[in-house]
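J.: build me a model:
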Amino acid sequence: MAVSPRPVAVALSWLTVVPIPRRLTDGEFDRALGGRVMAAVPVVGAFLGTVAALAAWGLSATNLPGALAGVLVVILLAVGTRGMHVDGVADTADGLGCYGPPERVTEVMRSGSVGPFGAATVAAILAVDALGFAALAGAHRWPELGLAVALGRVAAVVAARWTLSPAHTDGFGALVVGTQKASVAVWTVTAALAAGLVGGLGANDWFDTAGTIRAVAVTVVVIAATWLFTRHCARRMGGITGDVIGAAIELGTAIAVIGVLV
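T.: I've put the predicted structure just below:
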């Protein structure tokens with residue numbers, strides 16, 4: 001897995017509002033570059049996780065209620081990522097909630113409107129994130145908050161793995177789905193090692209073995225849940241779309257938040 005400056009720059013320009021010099025992102029964009037960009041998405045996850053953790057740390061020093069601080073961190077992430085993953089959650093939930101063949105599912109997802117399934121799912125995930133972030137910040141567990149955000153972006157790599165195919169011949173999914181193989185293993189191991197370190201440093205003692213085991217277990221659960229979720233989506237939709245990748249990111253983050261708090 002090679003992560004060079006251009007894929008990282010393109011990933012940042014895709015997934016965040018961070019201004020990136022055009023000389024780093026201009027040029028032909030094909031499936032080969034799409035694969036390299038997807039392999040760099042966890043780097044963006046580490047960046048966003050750090051920003052979220054720092055924001056939670058700063059807000060914890062104010063007199064704001066913990067729940068409001070959690071909501072503000074969620075808003076920061078939504079604004080910082082243009083809300084594209086939240087939109088993916090809504091479209092994916094509406095598609096999975098309808099009846100019919102794959103063509104009908106993707107038709108619903110492409111309609112542009114948000115139905116009851118989508119609205120309810122978005123509300124549930126954002127509530128989990130906000131309350132979870134508040135709980136982690138209140139307990140001064142900012143690194144674990146950042147870890148949860150980063151793990152959601154590792155889930156994106158799993159969602160684009162080599163065993164899946166894009167649902168359409170155009171769009172974001174066609175550029176990235178099915179491109180990730182070695183990167184899935186590399187980022188899974190890297191995430192598990194990082195999670196173990198974060199979990200271990202969250203203790204009052206020199207190192208918390210139980211915290212390490214819990215954090216690594218959470219990583220495994222996020223990867224497994226993403227694998228099963230995307231496989232189900234591929235069956236229902238005839239492949240994976242960009243919306244499903246966005247949904248996997250948000251679902252992975254929510255699962256990680258719950259996991260580190262258990």
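J.: from now on I want contacts and neighbour counts done on CA atoms only, so please keep to that.
T.: Fine.
J.: name the next helix or strand downstream of the lowest-mean-pLDDT helix or strand in the chain, please.
T.: Across the helices and strands of the chain, mean pLDDT, DSSP states H and E gives its lowest value to helix 22-25, namely a mean of 83. Beyond helix 22-25 on the C-terminal side, the first helix or strand identified by DSSP states H and E is helix 31-60.
J.: how about that following helix: buried residues?
T.: 31, 33-57, 59-60 (16 or more other Cα atoms under 10 Å).
J.: ditto for stretch 16-27
T.: Residues 16, 25 are the ones in stretch 16-27 that count as buried (16+ other Cα under 10 Å).
J.: what about that stretch, how long is it end to end?
T.: 19 Å (Cα to Cα, to the nearest Å).
J.: follow-up on the earlier one: and the least confident helix or strand of the chain, what does it pack onto?
T.: With contacts defined as 3 or more Cα pairs under 8 Å, 6 or more residues apart in numbering; DSSP states H and E, the packing partners of helix 22-25 are helix 5-15.
J.: which parts of the helix it packs on are buried?
T.: Buried, per 16+ other Cα under 10 Å, within helix 5-15: 6-15.
J.: turn those residues into a markdown table, including distance to residue 65.
T.: Formatted as a markdown table, these follow (distance: Cα to Cα, whole Å):
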| residue | distance to residue 65 |
| --- | --- |
| 6 | 41 |
| 7 | 39 |
| 8 | 36 |
| 9 | 36 |
| 10 | 37 |
| 11 | 34 |
| 12 | 32 |
| 13 | 33 |
| 14 | 33 |
| 15 | 29 |
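J.: now those as a markdown table including pLDDT and distance to residue 236?
T.: Formatted as a markdown table, the buried residues of helix 5-15 follow (pLDDT from 0 to 100; distance: Cα to Cα, whole Å):
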| residue | pLDDT | distance to residue 236 |
| --- | --- | --- |
| 6 | 86 | 34 |
| 7 | 90 | 31 |
| 8 | 93 | 32 |
| 9 | 92 | 33 |
| 10 | 92 | 30 |
| 11 | 93 | 28 |
| 12 | 94 | 30 |
| 13 | 92 | 30 |
| 14 | 89 | 27 |
| 15 | 92 | 26 |
